[in-house]
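S.K.: One predicted model, sequence on top.
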Amino acid sequence: MIFEFIKKILIINTAFLGDVILTTPLVKATRKLFPEAKLSFLLIPQTKGVFSNNPYLDDIIIYDKKRDEKKVSDFFRLVKKIKQKKFDLALIPHRSLRSALLAYLSKIPERIGFDRSEGFFLFTKKVKYNSLIHEIERNLSLLNHFNFEPLNLPPELFPSERDTLFISRFLKDSGIDEKDKIVAIAPGSVWQTKRWLAQRFAQVADLLTEKEKLKIVLVGGEEDKFLCQKISEMMKQKPKVLAGKTTILQSAVLISKSEVLLSNDSAPVHIASAMRAPTIAIFGSTTPDFGFGPYGDDNIIIQKKLYCRPCGIHGKKKCPEEHFRCMKDITVEEVFKAVSEKIKK
């Protein structure tokens, strides 16, 4: 394949928010390799905010595969739309059959994806899926065909001045002074077995408020509002709840202003990595060995070594062993100690 022939590139990842954030280094690296090409990204509506203000991307294509465009006819309508754009190259980090089929039916001549993809047989080039490295490095390996050497590229987000102003006003209206120290807590996750116990989040938050004089802000998406409100009701001193009230980039600003993010294995961990914010990540049914842990050195992982861990790469709706020890064995005391020591450093 000759570089000069590649004028239009499509990256496809219609997965969850965290997965898309972890493809931002791939976007940057692709732009570096093909500075003159038009670079587009196909994703779901919930993740489009990841690329707001991103200087390396030219275009976003939205595919609402679970709601407004979930019919087969919608899929083929999208195929027609992509075919008309005449892309020369598709990079497909998402390992679903639908993503591979989309590139194949759109007649994109060069299609690069992982050998573990459900649609691997539809690719023109297959890259070995290395389960021993971080997802960021895995995604960058899709460029190996171009003799690209993976760089130490962290994820990136680009909040605007308006995003920063929104958070500044929120903090001021919440009675949080610029000199106050903030801990952001993200207690949610799509998967139940990736959530530490709500009551323990509340207990840690109370200890941080009482003993370390910290201000607590609960963060997350619209789907986390009920859980955050539940935790707030359990606490002696009420925190500020931002869950469901911010965009992705506004959440990024809040996390960047925090002393540390305390989170389950979920998207806020990757937002923190993008904003170079210290993170304490709690892992239950999953493990950072899958390559989805916080990126960088200034982070702490809290997990327990058990015979049944991990029980899946995404976690499960309930504990298969019915004891949920991966989370229940993680105590309030050890999490409080980790946060306290991280802040003092």
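M.R.: It's in.

S.K.: Just the helices from the stretch 151-300 of the chain, written as ranges.
M.R.: Counting by DSSP state H, counting those that start in this stretch, the segments of the stretch 151-300 of the chain that form helices are 161-173, 198-212, 225-234, 248-256, 267-274.

S.K.: for the stretch 201-345 of the chain, what spans make up the strands?
M.R.: 215-218, 240-241, 260-264, 279-282, 299-302 (DSSP state E, counting those that start in this stretch).

S.K.: which helices and strands does the last one pack with?
M.R.: Applying 3 or more C-beta pairs under 8 Å, 6 or more residues apart in numbering; DSSP states H and E, one finds that strand 299-302 makes contact with strand 279-282, helix 332-344. C-beta here means a position set from N, CA and C on the backbone, and glycine is covered the same way.

S.K.: returning to what we had before: show me which of the helices of the stretch 151-300 of the chain has the highest average neighbour count.
M.R.: Of all these, helix 267-274 carries the top mean neighbour count, a mean of 29, counting by mean count of other C-beta atoms under 10 Å.

S.K.: what's in contact with that one?
M.R.: The contact list for helix 267-274 (C-beta atoms under 8 Å, 6 or more residues apart in numbering) reads 16-18, 21-22, 24, 154-157, 184, 186, 219-221, 248, 251-252, 255, 261, 263, 278-279, 281, 292-296.

S.K.: chain center to it: distance?
M.R.: 6 Å (C-alpha atoms, centre = their mean, to the nearest Å).

S.K.: Same check on stretch 284-301?
M.R.: 12 Å.

S.K.: Please apply the same query to stretch 138-158.
M.R.: With C-alpha atoms, centre = their mean, you get 16 Å for stretch 138-158.

S.K.: Show me how far stretch 313-332 is from its chain's centre.
M.R.: The answer for stretch 313-332 is 21 Å, by C-alpha atoms, centre = their mean.

S.K.: Nearest to Asn130, out of the strands of the stretch 201-345 of the chain?
M.R.: strand 299-302 (20.2 Å; C-beta to C-beta).

S.K.: for the record, mean pLDDT for that closest one?
M.R.: If you average the pLDDT over strand 299-302, you get 97.

S.K.: got a list of contacts for it?
M.R.: 278-283, 288, 293-294, 330, 334-335, 338, 342.

S.K.: what two of those are the furthest from one another?
M.R.: Longest span within the contacts of strand 299-302, C-beta to C-beta: Pro278 and Ile330, 18.8 Å.

S.K.: Touching, Phe34 and Phe5? I think so.
M.R.: No: counting by C-beta atoms under 8 Å, Phe34 stays clear of Phe5, with 10.7 Å between them.

S.K.: Could you check which of those two has the larger neighbour count?
M.R.: Set Phe34 next to Phe5 and count neighbours by other C-beta atoms under 10 Å: Phe34 wins out with 20 against 10.

S.K.: Count the residues that sit near the nearest residue to that one once chain neighbours are set aside.
M.R.: For Phe34, ignoring the flanking residues on the chain, the nearest one in space by C-beta to C-beta, 6 or more residues apart in numbering is Ile6 at 5.8 Å. Neighbourhood size, Ile6 [other C-beta under 10 Å]: 19.

S.K.: per-domain residue ranges of this structure.
M.R.: Annotated domains of the chain cover 3-146, 161-344 [automatic domain parsing].

S.K.: Sketch out the low-pLDDT regions of the stretch 1-150 of the chain for me.
M.R.: For the stretch 1-150 of the chain, the stretches with pLDDT under 70 are 1-3, 150.

S.K.: tell me how far stretch 55-63 is from the chain's mean position?
M.R.: Worked out by C-alpha atoms, centre = their mean, stretch 55-63 lies 17 Å from the chain centre.

S.K.: before we move on, what about stretch 249-264?
M.R.: The answer for stretch 249-264 is 13 Å, by C-alpha atoms, centre = their mean.

S.K.: Just the C-alpha atoms of that stretch, please, in PDB.
M.R.: The C-alpha coordinates for stretch 249-264 follow below in PDB (Å, rounded to 0.1, in the frame of the first residue of the first chain):
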ATOM      1  CA  LEU A 249     -15.700  17.500  28.500                       C
ATOM      2  CA  GLN A 250     -17.200  19.300  31.500                       C
ATOM      3  CA  SER A 251     -16.700  16.200  33.500                       C
ATOM      4  CA  ALA A 252     -13.100  16.200  32.300                       C
ATOM      5  CA  VAL A 253     -12.600  19.700  33.600                       C
ATOM      6  CA  LEU A 254     -14.000  18.800  37.000                       C
ATOM      7  CA  ILE A 255     -11.800  15.700  37.300                       C
ATOM      8  CA  SER A 256      -8.800  17.700  36.300                       C
ATOM      9  CA  LYS A 257      -9.500  20.100  39.100                       C
ATOM     10  CA  SER A 258      -9.700  17.300  41.700                       C
ATOM     11  CA  GLU A 259      -6.900  16.100  43.900                       C
ATOM     12  CA  VAL A 260      -7.700  12.500  42.800                       C
ATOM     13  CA  LEU A 261     -10.500  10.600  41.100                       C
ATOM     14  CA  LEU A 262     -11.900   7.600  43.000                       C
ATOM     15  CA  SER A 263     -13.600   5.300  40.500                       C
ATOM     16  CA  ASN A 264     -14.700   1.800  39.600                       C
END
